[in-house]
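Undergrad: predicted structure and sequence below. I'll ask about it afterward.
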Amino acid sequence: MKDYPFSKGLEDVPAAESVLTYIDGQEGKLYYLGIPIEEWAEKSTYEEVALSLLLRRLPTKDELKVFDAALRSSRDLPDEIIDFIYDLPPETHPMSALRSVVSLLESYDEEAKSQDLDAKFRISIRLIAKFPTIVAYFDRARRDKDIVRPDPSLTHAANFLYMLRGEVPTEYEARVMDVALILHADHEMNASTFASMVVASTLSDMYSAIVAGISALKGPLHGGANEAVLKMFKEIGSVDKVEKYIDEALAQNKKIMGFGHRVYKTYDPRARILKKFAEKLAKNKYYKIAVKVEDYMIKKVGHKGIFPNVDFYSGIVYNSLKIRTDLFTPIFAIARVAGWAAHILEYLEDNRIFRPSAIYKGEIDKHYIPIDQR
Ligand code: COA
C-alpha cells in the first residue's frame, strides 16, 4: 500500500488554487482580492464585495449598478415556496428552513440544470438576492406574522432588516449589518466552502452545491458557533461568574465557543472590527461578560494561540439589532453564499472532481462467513 502523508481534518492540505481570499493566520490578517478586510469594511458595501468575489476583480461603476439592480429585482420568492415556508413546523431551525427552501428553489429555476458558467453566474446572483428573503419570510411565518415583501429602494442589508422587523432600519443599523455581511462574505478554504466545491466538482447543479455549504455551515464548530456564544453568555449570567465558568469548562476539556481557529493563531481581524460595533451598540450586560471572557481566556489559553474568532462578537451585535439568536447562523449564510458561489465559479473554470483517499486501517484477504455461521 502507498504511504500517504496524513493530516487529520486536512489541516494545511491545499485543496485548490484561488485568487479570492488570503489569510495570514500568524499576523491576524485577512484579504479579499489582496485588499485588507479593514478597507472593505470601511469603504465598500456587501453588494460590491459580492460582485468583486464573483468577478475576481473590482467592478466598474456600471457593472456594480447592473449587479445591484439584478439583486434588487430577484429578491422575492415564488408563491409556492412562500406557501411551503408557512407550512414548515415553526420549531424548524432557520438553517434547516434555509437549506430546504434553497433545495426547492432549483425546481423553479429554468437555468438550474445548465453547466454553462454564465448561467451559474446568473444563478449565483439570484441565490445571493434570495437568501435574506428566505430567512426573513421564515422568521415571520413561524411567528404567525404576515411576510414583509422586499423593498427595491433599500440596500441588501437594509432590506433584510426591513423584511425581518417590518420597519426600515436606521442608517447606522443598516451599515452595521452591511459590515457584518462584508466580514462574513468569504474565508478561503473553510468547511462549508469546501463542501460546496466538492459537490460542484461532480458537475452537480449550483443549488445542490450551495445546499452542501449551508449544511456544513450549520454545525456548531463552524457557523453555528455564533449562536452558541450568545447562549453561553446567557448561561454565565453575570461578569462575576465568568472565571468560574471558564475554569470549569476548561477543566472538562470543553471548547469555549467563539474562540480558536484552524488558521488564526492570533486575534481574528473580523472579531476586532465587530468588537468595536459591539462596544458602541450593546447597552446590555452581554458586552461586559464578553470582554471579561475574552480577557480571562487570553490569560488562560492565549499562549496556545487561542483568541476570539469572528463568532465571538457577532452575536452581541445581532442581539443589539433585535435579531433572534437562531438567526445568527443564517445571517452568516446570507453573507457567505457569495463566497461559496465565487469559489465554485473559480474552480469550475478548470474543474477536476474531488476524490481524496483514505488510509485503510482494516485487514485484507479475509473470507466471507455466511450469516448463520457468525
Ligand atoms: N476553547 C478551549 N480550547 C480550545 C478551543 C476553544 N474554543 N479551541 C481550541 N482549543 C484547544 C484544544 O483543546 C486543543 O488543545 P490541546 O492541544 O491542549 O489539546 C488546541 O486548542 C487545538 O484545538 P483543535 O480542536 O485541534 O483545533 P482545530 O483547528 O481542530 O479546531 C475550531 C478549530 C475552530 C473548530 C476550534 O477552535 C473550536 O472548536 N472552537 C470553538 C467553536 C468555534 O468558535 N467555531 C467557530 C470558528 S470561526
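TA: On my side now, so go ahead.
Undergrad: skip ahead from the longest helix anywhere in the chain and say which helix or strand is next.
TA: Assignment by DSSP state H gives helix 117-142 as the longest helix of the chain. Next helix or strand after helix 117-142 toward the C-terminus (DSSP states H and E): helix 156-165.
Undergrad: what number of residues lie near the residue of the stretch 201-350 of the chain found nearest the ligand?
TA: Distance from the ligand to each residue of the stretch 201-350 of the chain (C-beta to the nearest ligand atom) is smallest for Gly260, at 2.4 Å. Just so you know, the C-beta spots here come from the backbone N, C-alpha and C atoms, and that holds for glycine as well. Close neighbours of Gly260, defined as other C-beta atoms under 10 Å, add up to 20.
Undergrad: could you measure the residue nearest to it when sequence neighbours are not counted against Ser7, distance?
TA: Take Gly260 and drop its neighbours on the chain: the residue closest to it by C-beta to C-beta, 6 or more residues apart in numbering is Ile306, 4.6 Å away. To Ser7, Ile306 is 20 Å away according to C-beta to C-beta, to the nearest Å.
Undergrad: which one of the two is surrounded by more residues?
TA: A count of neighbours by other C-beta under 10 Å puts Ile306 above the other of Ile306 and Ser7, at 19 against 9.
Undergrad: residues touching the more buried one, list them.
TA: By C-beta atoms under 8 Å, 6 or more residues apart in numbering, Ile306 lies in contact with Phe259, Gly260, Met297.
Undergrad: check Thr193 too.
TA: Asp186, His187, Gly213, Arg336, Gly339, Trp340, His343.
Undergrad: okay, the fifth one: pLDDT?
TA: Spelled out, that is Gly339. pLDDT, Gly339: 98.
Undergrad: which non-adjacent residue is nearest Tyr162?
TA: Val168 (5.3 Å).
Undergrad: could I get the contacting residues of the one you found?
TA: Asp151, Leu154, Ala158, Tyr162.
Undergrad: what's the closest of these to Pro356?
TA: Using C-beta to C-beta, Ala158 is the member of the contacts of Val168 that sits closest to Pro356, with 42.4 Å.
Undergrad: hmm, that closest one is touching Thr170, no?
TA: No: if you go by C-beta atoms under 8 Å, Ala158 and Thr170 don't touch, sitting 9.4 Å apart.
Undergrad: which one's more surrounded, these two?
TA: Ala158 (20 against 11).
Undergrad: filter the contacts of Val168 down to the buried ones, PyMOL style.
TA: Restricted to buried positions by 16 or more other C-beta atoms under 10 Å, the PyMOL selection for the contacts of Val168 reads:
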select buried, resi 154+158+162
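Undergrad: between the contacts of Thr193, which has the most around it?
TA: Most surrounded of the contacts of Thr193: other C-beta under 10 Å gives Trp340, at 32 neighbours.
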